[in-house]
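**Student:** following is a predicted model, sequence given first.
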Amino acid sequence: MNADPADQRKLLDLADLDARIHRDEKVIGNPPQAERVRALIAQRGTLSQELGARANARDDITAELKRLESDVAVVDARIARDTERLAASSNAKQAQGFENELVSLRRRKDDLEDTEIALMERLEAADAAVAEQEALIADTNAQGAQLSAEAKTTVADATTRLEGARRDRDAVAASVPADLLALYERLASRGNGAGLLQAGACEACRMVLPPSDLNVVRRSQTDEVVFCPECGAILVRTEESR
């Protein structure tokens, strides 16, 4: 195939625009922040599970403390009742029985209050553990929100660039002869469509051409369409190719 060298050079613009379009489409489909956002979502799930466990432990302590407070209230009521009975009793034996029971009840109350103090200390520690986990989740959410906002900005910028690149590509493609454009499109769909021959290397695949192939290319007519022997792209020759 033969094509005007100026038209062949337009293929370099197409290749550059196609590369930009591909990059921006990739950014839109998977912005650079996405992987970290996914990691934070997974991290939040793990943290939430731990928060649930800590909250359950705290609730168990709270329930146990309420039962203990109820037991203390029962003991207090019995102490008040027996104290009244003792004050009203005129029977020495009966009075002794009340006194013995009051001693036992006060000992029971002391034990309950000691346990209550220990439970309150455990509850304080459990509250702190829950608060710590909630802070970690809040920090994770804040990081996720920031990254998500950054991702939206990144995608918006890429979308703007993509729209511009597509418009530019349409304009360039419209100025390329149909047969040359069809050849480029076919090659580009398989990998590299076109690349500049520079310093003996194909810029499309970055491979240096063997001397024998390079000589064949250099001996070709300027309007002849030649191909990279390594990647098959159209080799576009300019002043830089000499």
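**Tutor:** Noted; the coordinates are in hand. Residues are numbered from 1 along each chain as shown.
**Student:** so who does the residue nearest in space to the middle of the chain touch?
**Tutor:** When CA atoms, centre = their mean is applied to the chain, the residue found nearest the centroid is V37 (1.3 Å). V37 sits next to G144, L147, S148, A151 when contact means CB atoms under 8 Å, 6 or more residues apart in numbering. For the C-beta atoms, the positions are set from N, CA and C on the backbone; glycine is no exception.
**Student:** could you break this protein into its assigned domains?
**Tutor:** 5-26+175-241, 29-159 (automatic domain parsing).
**Student:** any chance of those in TSV, plus distance to A165 and mean pLDDT?
**Tutor:** Output for the domains of the chain, formatted as TSV (distance: least, CB to CB, whole Å; pLDDT from 0 to 100):
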stretch	distance to A165	mean pLDDT
domain 5-26+175-241	5	95
domain 29-159	10	95
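**Student:** most neighbours per residue, which of those domains?
**Tutor:** Of all these, domain 5-26+175-241 carries the top mean neighbour count, a mean of 17, counting by mean count of other CB atoms under 10 Å.
**Student:** related to what we said a few turns ago, the residue nearest to the centre of the chain in helix, strand or coil?
**Tutor:** Using DSSP: H, G, I helix; E, B strand; the rest coil as the criterion, the local structure at V37 reads helix.
**Student:** quick one: stretch 67-78 to chain centroid distance?
**Tutor:** Offset of stretch 67-78 from its chain centre (CA atoms, centre = their mean, to the nearest Å): 52 Å.
**Student:** number of nearby residues for the closest residue to R20 other than its chain neighbours?
**Tutor:** For R20, ignoring the flanking residues on the chain, the nearest one in space by CB to CB, 6 or more residues apart in numbering is A165 at 4.8 Å. When neighbours are defined as other CB atoms under 10 Å, A165 has 20 of them.
**Student:** thought A19 was touching A165, still the case?
**Tutor:** No - A165 is beyond contact range of A19, at 9.4 Å (criterion: CB atoms under 8 Å).
**Student:** any idea which element the residue nearest to R20 lies in?
**Tutor:** A165 is located in helix 92-174, with elements delineated by DSSP states H and E.
**Student:** what does the helix or strand that that helix is followed by contact?
**Tutor:** Counting by DSSP H and E, the next helix or strand C-terminal to helix 92-174 is helix 178-190. Under the contact criterion CB under 8 Å, 6+ apart, helix 178-190 has outside partners 1, 3, 7-8, 11, 14-15, 18, 173, 176, 193-194, 225, 232-234.
**Student:** how far is helix 178-190 from where the chain is centred?
**Tutor:** Averaging C-alpha positions (CA atoms, centre = their mean) puts helix 178-190 39 Å from its chain's average.
**Student:** what lines up beside the helix or strand that that helix is followed by in the sheet?
**Tutor:** Using DSSP H and E, the helix or strand that directly follows helix 178-190 along the chain is strand 194-198. According to DSSP bridges, strand 194-198 forms sheet pairs with strand 201-202 (antiparallel), strand 234-236 (parallel).
**Student:** next, the angle from strand 194-198 to helix 178-190.
**Tutor:** If you take axes from the mean of the first three to the mean of the last three CA atoms, to 10 degrees, strand 194-198 sits at 90 degrees to helix 178-190.
**Student:** what separates strand 194-198 from the chain centre, distance-wise?
**Tutor:** Worked out by CA atoms, centre = their mean, strand 194-198 lies 39 Å from the chain centre.
**Student:** now that strand - C-alpha only, CSV.
**Tutor:** Taking Å, rounded to 0.1, in the frame of the first residue of the first chain, the C-alpha atoms of strand 194-198 are listed here in CSV:
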residue,chain,number,x,y,z
ALA,A,194,1.5,2.8,14.2
GLY,A,195,4.8,3.9,15.6
LEU,A,196,7.5,6.3,14.8
LEU,A,197,10.8,4.9,13.4
GLN,A,198,13.4,6.7,15.5
